[in-house]
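Visitor: Predicted model and sequence follow; I will ask about them next.
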Protein chains: 2
Amino acid sequence: MLAYTNLDRTRAWTDLARSRPYDITRLTADRVESMKTPLAAGLTLSWAAAPVDEPVLEVLADLATEQQLIDKYKALAGGAVMNTGEDRLVLHHLLRGELEDPVIWEGRNQRAFYREQQERFTRFSEAVLAGREKGATGRPFTTVVQIGIGGSDLGPRALYLALAEWARAQGITPRMEARFISNVDPDDAAAVLADIDFESTLFILVSKSGTTQETLTNEQFVTELAERRAPGLDIRRHTVAVTSETSPLASGGGYRESFFIDDYIGGRYSATSAVGGVILSLAFGPAVFQRILDGAHEADRAALNTDVRTNASLLDALIGLYQRNVLGMAATAVLPYSQALSRFPAHLQQLDMESNGKRVNREGEPLAYETGPIVFGEPGTNGQHSFYQLLHQGTTIVPLQFIGFLESQQGQDTEFEGSTSQVKLNANLAAQIVAFAMGRSHTNPNKYFPGGRPSTLLVGRQLTPEALGALLAHYENKVMFQGLAWNLNSFDQEGVQLGKVLTTELLTGAAGEELKAYARLLGIG
Amino acid sequence: MLAYTNLDRTRAWTDLARSRPYDITRLTADRVESMKTPLAAGLTLSWAAAPVDEPVLEVLADLATEQQLIDKYKALAGGAVMNTGEDRLVLHHLLRGELEDPVIWEGRNQRAFYREQQERFTRFSEAVLAGREKGATGRPFTTVVQIGIGGSDLGPRALYLALAEWARAQGITPRMEARFISNVDPDDAAAVLADIDFESTLFILVSKSGTTQETLTNEQFVTELAERRAPGLDIRRHTVAVTSETSPLASGGGYRESFFIDDYIGGRYSATSAVGGVILSLAFGPAVFQRILDGAHEADRAALNTDVRTNASLLDALIGLYQRNVLGMAATAVLPYSQALSRFPAHLQQLDMESNGKRVNREGEPLAYETGPIVFGEPGTNGQHSFYQLLHQGTTIVPLQFIGFLESQQGQDTEFEGSTSQVKLNANLAAQIVAFAMGRSHTNPNKYFPGGRPSTLLVGRQLTPEALGALLAHYENKVMFQGLAWNLNSFDQEGVQLGKVLTTELLTGAAGEELKAYARLLGIG
């Protein structure tokens, strides 16, 4: 029997308040050797530099038990209505595989439905890549442009960038060049399309509801530009839709194909659905996309483990919660030491802040404790020459989430002053973890480092499709566990609605005076 | 006579603590109409949605007077040693023009020196663009690749992206395609160079000290790859250096040209020096770069104004300080409603967090109040579909810095459902400001918006080179005023040193056991 309790009404909450964080300025090699938890796809979570020791960990484990985090995850994976506000299931795990008994909902086997869609876009992408599906004028498709925003953009884009150079090194190139249009700013579409050859370009229109203002506007932008640049070309024959079966795009759009998701796949959790799957299958081939799913499924299964010490996603979630609620740290930085993950922090920023940036619990009652943190980040070593100054010596402590790999993706390297780039990269990563944790004393206060800046590290052999899938799922599951511990609904996003309402009021002339005044200031009054 | 006092020892500090913030849920059209302060280059700061009213503003004005912010700015511009920790002048304003009497330092007229360098790279870029300066095999240069990290990367890259599509619309293209290599991760250089034609590529090696590990390693990477891909090509003849006159790169490198900066131009303040000037002059022509400088100089001059109500940069600085120190808000988001500014937040992240993420005052004494905030951001409307959920309904209030323009850069647009993309973009922007400030009540707590989320808006007609220069200088001056108010040194970065020291210890075998343990975990032990 599942019981839903606010965090501050648990016994563990009281124990947490009494707990003493581990003093990471005393970090030892022994901690580094022992405080490692396997995740999946060869990835390991190192938590030696987190402010937890055995007593703290025991309280966190008690909290996980008391809040029934694994049981609730199982319920979610098994088809419980976990998106309470919208009265919906939460089924993105099923995109990768089944974790519990089959989910049959309204007479439909949901796993079979998602598999069917994957098989459909697998066949479609194979036909495009083989040149059997061609443009309206008989030219093969060489470029694919995704039109979507938010979850229809950030996740797929981050995954594409993460594997583009890996694919090149593997000799599978990117098989089609992928581009993305997201912003309603017309300069976005104009820039992306400036040098596009419409006759050899396939567009993917992604909107679950089929009503996303930005995406429909950009579709219109593409259509008008195509009319000017490729007169007579039937752009609908160059467009596939990814949408829900009941959306306006699903029927009557005249698109070449439509691939379906449903209301149980949230936008920010949709990268492993057709939302990411069509473009990634076209760019890298469907087998590579399947490898992403395999890595994600392995991480999903690992997250079922009831022992917090051997469940990396649960452990990472609890460490984050401890830093947020007990130590009072309001932000967290994601710092991948991998240029390929350059947009992965932007995806995690949406995933985390849109899921857990909430002030009410799952029943809609105001919460009296902090919830989701601010998330930001850039790749290392770039960030070291930028915002790390504040992280080391600022007045606000920001917990850090490092990601690293033993090997580069491309294997090209150079030796300079006795070490390769890859060795320098990882030497910097190791050095930063220790510098943040332990600090260093100095007689000049300007050169003094207080330390005590906690971090975790996810480390893998190489950023392969499996490792990428595991990373993606790890953060999804981490965010899920935190939301469950906070007793909130991580799967709606009511906070994005008011802006839409006011925009519509303004565009239809129904706005208040202060909004009209801003509109005048912005030249649209 | 200038006096340097910690913020918490000023009279205004006591008055600030007693002040009551303006309740922005009561935002009125009258505030929107009246609370506007011109910046430069047609840009205006709207601060109607900031939590300040006339009484708060008076205390902030008193603080500006008491901390002598304008006098200290004049002293800085006039050549005072404001980088106390490193015993250096701070002269980036002189790159744009003189604000005070000529700065003569060690017998040199500094403005004349910076002008001379600008004239040198202006002539060089004109010769390259005219085809008079050619590659070693006689091919014209068509691509330029900057190798640099931190301030040698983020600012120039943000400015290039900000104007690339504007230039296309103006018919001045980008005249050379610009790319950037920054990360020591070998996958970065490998990706950027994958399809490069070395014979028609010019490299710009940027390192003030001439010793930046990442940059020298990437130079070596380029050299080795050129040897394989273009055997016999003298890559030094394809490389210009931007460095200080005393650096190892300045002499003996055998580079085609060297352009100079000096110790009085901090990395994060160097975008308007040769660090940004060479690549921007090559990409857009020197006249466009001069227009950036003109806009920046106009903003620099406007920041001399002693009346806080008519000095947008000073006012923005004081509003930020009020939010940080009085209202206790630890972060701020930069939200440009302009896709062209996609990397501008990353530049500001460095500018602000590296300048003011400090825990000691200018004499090195620990401070007892908060200093620089966490800075992050993405373009709107993209962010609306991502992290805005937390901004609207999260438990942590994040003050927002919006940027908007009346017109798009390219003038391409489409009408859909009764409005253009540009109108939708700005309608969304206006709606968000009002939604964040005023919120909206609802009987369902999940759909309730508390409001009280403060913001400012910088609005201009179009993102031109002048507007971009003014934006850049505005934030530099805002950060400077805040640093002066906090009585800290915004111009050093001791916090980046420990990581370098530990990296060197590791690479030379002198590391501690815990660092060696991390190195083993990362495969380099």
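Guide: Here it is on my side, so go on. Residues are numbered from 1 along each chain as shown, chains lettered A, B, ... in the order given.
Visitor: okay, CA-based contacts and neighbour counts for the rest of this
Guide: Fine.
Visitor: Contact residues of the stretch 151-300 of chain A facing chain B?
Guide: A:151, A:165, A:182-188, A:190-191, A:217, A:220-221, A:224 (Cα under 8 Å from any Cα of the partner chain).
Visitor: Pull out the buried members of these.
Guide: A:151, A:165, A:182-188, A:190-191, A:217, A:220-221, A:224 (16 or more other Cα atoms under 10 Å in any protein chain shown).
Visitor: Can you name the residue of the stretch 101-250 of chain A nearest chain B?
Guide: Distances between the stretch 101-250 of chain A and chain B by Cα to the nearest Cα are smallest at A:Gly150, namely 4.5 Å.
Visitor: and the closest residue to that residue other than its chain neighbours, what pLDDT?
Guide: In this structure, A:Gly150 finds its nearest non-sequential neighbour in B:His385, 4.5 Å apart by Cα to Cα, 6 or more residues apart in numbering or on different chains. pLDDT recorded at B:His385 is 96.
Visitor: if I pick B:His385, what's in contact with it?
Guide: B:His385 makes contacts with A:Ile149, A:Gly150, A:Gly151, A:Gln350, A:Val496, as judged by Cα atoms under 8 Å, 6 or more residues apart in numbering or on different chains.
Visitor: ok, A:Leu43 - how many residues close by?
Guide: For A:Leu43, the neighbour count with other Cα atoms under 10 Å in any protein chain shown is 26.
Visitor: And for A:Asn444, the neighbour number?
Guide: 10.
Visitor: Help me confirm that it comes into contact with B:Gly364.
Guide: Yes - if you go by Cα atoms under 8 Å, A:Asn444 and B:Gly364 touch, sitting 7.2 Å apart.
Visitor: shared neighbours of those two, which are they?
Guide: Counting by Cα under 8 Å, 6+ apart, nothing touches both A:Asn444 and B:Gly364.
Visitor: re earlier: so how many other residues sit close to the residue of the stretch 101-250 of chain A closest to chain B?
Guide: Applying other Cα under 10 Å, we find 22 residues neighbouring A:Gly150.
Visitor: Quick check, pLDDT for it.
Guide: For A:Gly150, the model assigns a pLDDT of 97.
Visitor: again with the one 5 residues further on
Guide: For A:Gly155, the pLDDT comes out at 98.
Visitor: quick one, what contacts it?
Guide: Counting by Cα under 8 Å, 6+ apart, A:Gly155 touches A:Arg268, A:Ser270, A:Ala271, A:Gly276, A:Phe344, A:His347.
Visitor: Kindly indicate which of those residues lies nearest A:Ile235.
Guide: Taking Cα to Cα as the measure, A:Ile235 sits nearest to A:Gly276 out of the contacts of A:Gly155, at 21.6 Å.
Visitor: wait, doesn't the closest one sit right on A:Tyr269?
Guide: No - here A:Gly276 does not reach A:Tyr269: they are 10.1 Å apart, not a contact under Cα under 8 Å.
Visitor: is it true that the residue of the stretch 101-250 of chain A closest to chain B touches A:Arg268?
Guide: Yes - using Cα under 8 Å, A:Gly150 makes contact with A:Arg268 at a distance of 7.2 Å.
Visitor: List of residues touching stretch A:81-96?
Guide: So stretch A:81-96 is in contact with A:76-77, A:79-80, A:99, A:110-111, A:114-115, A:263-266, A:269-270, A:272-273, A:293-294, A:296-297, A:300, A:362-364, A:489-492, B:446, going by Cα under 8 Å, 6+ apart.
Visitor: oh, I was asking about stretch A:3-18
Guide: By Cα under 8 Å, 6+ apart, stretch A:3-18 touches A:56, A:59-60, A:62-63, A:66-68, A:322, A:326, A:361, A:367-369, A:485-487.
Visitor: let's see it at 7 Å
Guide: Contact with stretch A:3-18 is made by A:Val59, A:Asp62, A:Leu63, A:Val326, A:Ala485, A:Trp486, A:Asn487, as judged by Cα atoms under 7 Å, 6 or more residues apart in numbering or on different chains.
Visitor: Please save the CA atoms from it in PDB.
Guide: Coordinates of each C-alpha in stretch A:3-18 appear next as PDB, following Å, rounded to 0.1, in the frame of the first residue of the first chain:
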ATOM      1  CA  ALA A   3       1.200   6.300   1.200                       C
ATOM      2  CA  TYR A   4       2.000   9.800   0.100                       C
ATOM      3  CA  THR A   5       3.600  12.000   2.800                       C
ATOM      4  CA  ASN A   6       5.200  15.400   2.600                       C
ATOM      5  CA  LEU A   7       8.900  15.200   3.300                       C
ATOM      6  CA  ASP A   8       8.700  17.300   6.400                       C
ATOM      7  CA  ARG A   9       6.200  14.900   8.000                       C
ATOM      8  CA  THR A  10       8.600  11.900   7.800                       C
ATOM      9  CA  ARG A  11      10.600  10.600  10.700                       C
ATOM     10  CA  ALA A  12      13.700  10.800   8.500                       C
ATOM     11  CA  TRP A  13      13.200  14.600   8.100                       C
ATOM     12  CA  THR A  14      13.800  15.000  11.800                       C
ATOM     13  CA  ASP A  15      16.800  12.700  11.700                       C
ATOM     14  CA  LEU A  16      18.200  14.600   8.600                       C
ATOM     15  CA  ALA A  17      18.000  17.900  10.500                       C
ATOM     16  CA  ARG A  18      20.000  16.400  13.300                       C
END
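Visitor: all helices of the stretch 51-200 of chain A, in order?
Guide: Assigned helices in the stretch 51-200 of chain A, in chain order: A:54-66, A:69-77, A:110-129, A:154-170, A:186-193 (criterion: DSSP state H, counting those that start in this stretch).
Visitor: Next secondary structure element downstream of the helix or strand of chain A with the lowest mean pLDDT?
Guide: The helix or strand of chain A with the poorest confidence is strand A:415-416; it has a mean of 93 (mean pLDDT, DSSP states H and E). Per DSSP states H and E, the first helix or strand lying C-terminal to strand A:415-416 is strand A:419-420.
Visitor: Listing partners with orientation, what would you give for that following strand?
Guide: Taking DSSP bridges as the criterion, strand A:419-420 forms sheet pairs with strand A:415-416 (antiparallel).
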